[in-house]
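**Q** Everything below, folded, please.
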Amino acid sequence: MIRKIALSVAILAFGVAPALAASSHRYYVEHAPNSNKCSVVSKRPDGKAAMAVGGAYKTKALAESAMKSAAACM
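**A** Okay, the predicted model is just below:
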């Protein structure tokens with residue numbers, strides 16, 4: 001009985017792991033203060049060399065539309 005439960009949990013964890021990994025990819029709008037330009041990046045800006053404008057976006061298209069409407073990027 002315990003083996004069946006352990007096997008079921010292992011199979012469930014193995015099946016769910018790729019879905020969780022795929023949903024963790026985010027896009028950010030990055031503002032470089034020295035050049036006053038914005039860009040869309042997939043890695044969160046560190047806050048020293050570049051600042052994040054807004055939050056994290058699920059798709060690149062959402063990040064690009066946020067970049068176009070952000071006051072810091074105009």
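**Q** Just list the residues touching Val29, thanks.
**A** 38-40, 52-54, 57, 63, 66-67, 70, 73 (Cβ atoms under 8 Å, 6 or more residues apart in numbering). For the C-beta atoms, the positions are set from N, CA and C on the backbone; glycine is no exception.
**Q** What is the three-state secondary structure of it?
**A** Of the three states, Val29 takes strand under DSSP: H, G, I helix; E, B strand; the rest coil.
**Q** Against Ala61, how distant is it?
**A** Val29 sits 12 Å away from Ala61, going by Cβ to Cβ, to the nearest Å.
**Q** likewise Arg3?
**A** Look at Arg3 and Ala61: by Cβ to Cβ, they are 47 Å apart.
**Q** between those two, which one's more packed in?
**A** Set Arg3 next to Ala61 and count neighbours by other Cβ atoms under 10 Å: Ala61 wins out with 11 against 7.
**Q** quick one, phi/psi of that one?
**A** phi -60, psi -40 (degrees, to the nearest 10).
**Q** Quick one: residues contacting the residue nearest to the spatial centre of the chain.
**A** The centroid of the chain falls nearest to Arg26 when counting by Cα atoms, centre = their mean (1.4 Å). Neighbouring residues of Arg26 by Cβ under 8 Å, 6+ apart: 42, 44, 56-58.
**Q** could you pull out the strands for the protein?
**A** Under the criterion DSSP state E, the chain contains strands at 27-32, 37-41, 51-57.
**Q** That concludes my questions; thank you for your assistance.
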